[in-house]
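Undergrad: Predicted coordinates and the sequence they were generated for:
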Amino acid sequence: MLEELFPTCQKVIDASEKKGVEAIEIFLSYNKQQQVILNGLSIGTQRAKEEAGAGIRVLHNNAEGFSYTNNLTFDSLLATALEAHSIAQHAPKIEGVALATVKTVPTVKGTYSQELAELSADALTKDGLNFLKGFTSIDPRIRTVLSNITNIVAERAIINSNGVKVTTKNSSFQAGLMAVASDKTRAGGYVFDDAFSRKHDVDFYSKGIELGKRAINGLKQEPIKAFDGPIIFEPNAIFNPIAIVLGLTTSADWRQRGISFWRDKLADKVAAENFQLIDKPHDLQGGAGVRPFDDEGTPTNELPIIQDGILQTFLHNIRTANKENLKSTGHAMRGLGNQATFTQKPTNAFFNSPWILAGDVSKEEMIQETRKGLIIHNYQGTVRHQNGIFSGVAKGAHLIENGEITKPVTGVSISGNVFDLINNIRAIGKEYHLASGFLTTPIIQFDGIRISTK
């Protein structure tokens, strides 16, 4: 679809250059989303959105102008380009600003499914009903809370005056599921699950059964006394707060602005020796960040970020790389979501598809070797991204005593520092899980977390 617009875009580039534009980039995006929202025992909302547009960036005398439009005709694109040019002529200079140059872009197959592109809204409704049937078959006391099932079909294309012409399509089927059980005397804790697939193959009935069992188990929550002990983080608890903090901390933009906690730590030990963090944007076992090029058109590649506990690199876009006489690592982002938008220019540098590499300990072994500790499914609370300090509530928490999970617990708060956590790793799991459709990670057991209770 978007590739068909390249001839029109090239005419816009040619016409812009005749009017004095030095350098121009046209970023095209198409995004189609279908979604059902489930609440209580029913499907509350059905949504559908489809949009296409172009964000045009113009460089002039080391300054940058940006404008966008969802009218993809020649006249509208040219008017948008000239508006961006006018902005650039009055904008301050930006050190390192430049456009991508022609490079070989890798082929990443399997990111797009015609099945998902043709999926009907009725199919999502059926999935939602199957999820409801799953947990209602467990117990009538269970309800879902603002769960969602979403089908996303997207396309990106970039063409610029340096000769870059790249395009890619992707699709994903995702869900964020939440349930709670309650009766006349008490309410259990909220339980969470998610799903990500590149096919329409998620078994929502089984998901409902599994989440329903956990919700009923939550009715048995008991308070406990505060203690010091290790905590096993399930994948979603690793995603937030740990992965988010590390993604921002390894951003070259944050480093250059002086706000990265690791701004002076390149090639230094920043984590335990068994902690490995790598970006794998071509591995289809990863999440929605799998892609052949970033949001400037720079090819992506597998990149070690932390190896044997040592910080290997910061994540660069073209601007941050030029400021240090380096090459972009292919991490330019238009926003921090998985779907780039034509309404933003590429200002961020962030993970594409991050992996925390697995260890050699099973979940069962972790539990068996714990005298007293916790296992938590989710974290909800505050995170200070610049210094890694977090404080909040452990969701889906269970007490471990003498090598066994003994009971679900309530009223448990945890606090600590992400940078301390990754230096106090007791064990790393050997199985991979995909958290929030983005981070591929094993479970990890940490020491040094304060466990408080009400």
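TA: That came in fine, so what should we check first?
Undergrad: helices or strands up against the host helix or strand of Thr382?
TA: Thr382 belongs to strand 378-384 when assigned by DSSP states H and E. On a contact count with 3 or more C-beta pairs under 8 Å, 6 or more residues apart in numbering; DSSP states H and E, strand 378-384 meets helix 235-237, strand 389-395. Just so you know, the C-beta spots here come from the backbone N, C-alpha and C atoms, and that holds for glycine as well.
Undergrad: winner for burial among those?
TA: helix 235-237 (a mean of 24; mean count of other C-beta atoms under 10 Å).
Undergrad: Can you name the residues bridging to the residue nearest to Leu266 when sequence neighbours are not counted?
TA: Spatial nearest neighbour of Leu266, chain neighbours left out: Leu311 (5.7 Å); criterion: C-beta to C-beta, 6 or more residues apart in numbering. Note on Leu311: beta-bridge partners by DSSP bridges are Ile306.
Undergrad: Leu311 touches Asp268, doesn't it?
TA: Yes: Leu311 is in contact with Asp268 according to C-beta atoms under 8 Å; the separation is 6.0 Å.
Undergrad: Which neighbours do the two have in common?
TA: Counting by C-beta atoms under 8 Å, 6 or more residues apart in numbering, the residues touching both Leu311 and Asp268 are Trp262.
Undergrad: Compare these two (neighbour count), which wins?
TA: Higher neighbour count among Leu311 and Asp268: Leu311, with 20 against 10, using other C-beta atoms under 10 Å.
Undergrad: if I look at the more buried one, how far off is Gln276?
TA: 12 Å (C-beta to C-beta, to the nearest Å).
Undergrad: where do the strands sit along the stretch 251-400 of the chain?
TA: 277-279, 303-307, 310-311, 332-333, 348-349, 354-356, 372-376, 378-384, 389-395, 398-401 (DSSP state E, counting those that start in this stretch).
Undergrad: As TSV, those with distance to Lys363 and mean pLDDT would be great.
TA: TSV is the format used below for the strands of the stretch 251-400 of the chain (distance: least, C-beta to C-beta, whole Å; pLDDT from 0 to 100):
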stretch	distance to Lys363	mean pLDDT
strand 277-279	21	98
strand 303-307	23	98
strand 310-311	27	98
strand 332-333	33	96
strand 348-349	34	92
strand 354-356	15	98
strand 372-376	9	95
strand 378-384	17	94
strand 389-395	17	93
strand 398-401	11	95
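Undergrad: and of those, who's closest to Ile152?
TA: strand 332-333 (16.8 Å; C-beta to C-beta).
Undergrad: Remind me what that closest one packs against, helices and strands.
TA: Using 3+ C-beta pairs under 8 Å, 6+ apart: strand 332-333 touches strand 348-349.
Undergrad: List the contacts of the strand it packs on.
TA: With C-beta under 8 Å, 6+ apart as the criterion, strand 348-349 contacts 251-253, 314-317, 320, 329, 331-336.
Undergrad: give me every residue that touches the closest residue to Val21 other than its chain neighbours.
TA: Leaving aside its sequence neighbours, Val21 sits nearest to His85 (C-beta to C-beta, 6+ apart; 5.1 Å). By C-beta under 8 Å, 6+ apart, the residues touching His85 are 16, 19-21, 24, 58, 60, 65.
Undergrad: what's the helix or strand for His85?
TA: Using DSSP H and E, His85 falls in helix 74-89.
Undergrad: that older thread, which pLDDT value belongs to the residue nearest to Val21?
TA: You'll see His85 listed with a pLDDT of 98.
Undergrad: does Asn217 belong to a helix or a strand, and which?
TA: Per DSSP H and E, Asn217 falls inside helix 204-218.
Undergrad: Check which helices and strands that helix sits against.
TA: Using 3+ C-beta pairs under 8 Å, 6+ apart: helix 204-218 touches helix 121-136, strand 142-160, strand 165-181, strand 191-197.
Undergrad: With Lys49 as the reference, name the closest of these.
TA: Per C-beta to C-beta, nearest to Lys49 of the helices and strands packed on helix 204-218: strand 142-160, 9.9 Å.
Undergrad: how about the CA coordinates for the closest one, as CSV?
TA: Extracted in CSV, the C-alpha atoms of strand 142-160 (Å, rounded to 0.1, in the frame of the first residue of the first chain):
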residue,chain,number,x,y,z
ILE,A,142,-15.3,-13.9,39.1
ARG,A,143,-15.5,-10.7,37.0
THR,A,144,-13.1,-9.3,34.4
VAL,A,145,-12.0,-5.7,34.7
LEU,A,146,-11.3,-3.6,31.5
SER,A,147,-9.7,-6.5,29.7
ASN,A,148,-9.0,-5.9,26.0
ILE,A,149,-8.3,-8.0,22.9
THR,A,150,-6.7,-6.0,20.0
ASN,A,151,-5.8,-6.8,16.4
ILE,A,152,-3.2,-4.5,14.9
VAL,A,153,-2.1,-4.2,11.3
ALA,A,154,0.5,-1.6,10.5
GLU,A,155,2.9,-0.5,7.8
ARG,A,156,5.8,1.9,7.7
ALA,A,157,7.6,3.5,4.8
ILE,A,158,10.4,6.0,4.6
ILE,A,159,11.7,7.9,1.6
ASN,A,160,14.2,10.8,1.8
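Undergrad: what lines up beside that strand in the sheet?
TA: Assessed with DSSP bridges, strand 142-160 is paired to strand 23-40 (antiparallel), strand 165-181 (antiparallel).
Undergrad: Go through the last one and flag the buried ones.
TA: Residues of strand 165-181 classed as buried by neighbour count (16 or more other C-beta atoms under 10 Å): 166-175, 177-181.
Undergrad: Stretch 179-188 too?
TA: Within stretch 179-188, the residues that qualify as buried are 179-181, 188, counting by 16+ other C-beta under 10 Å.
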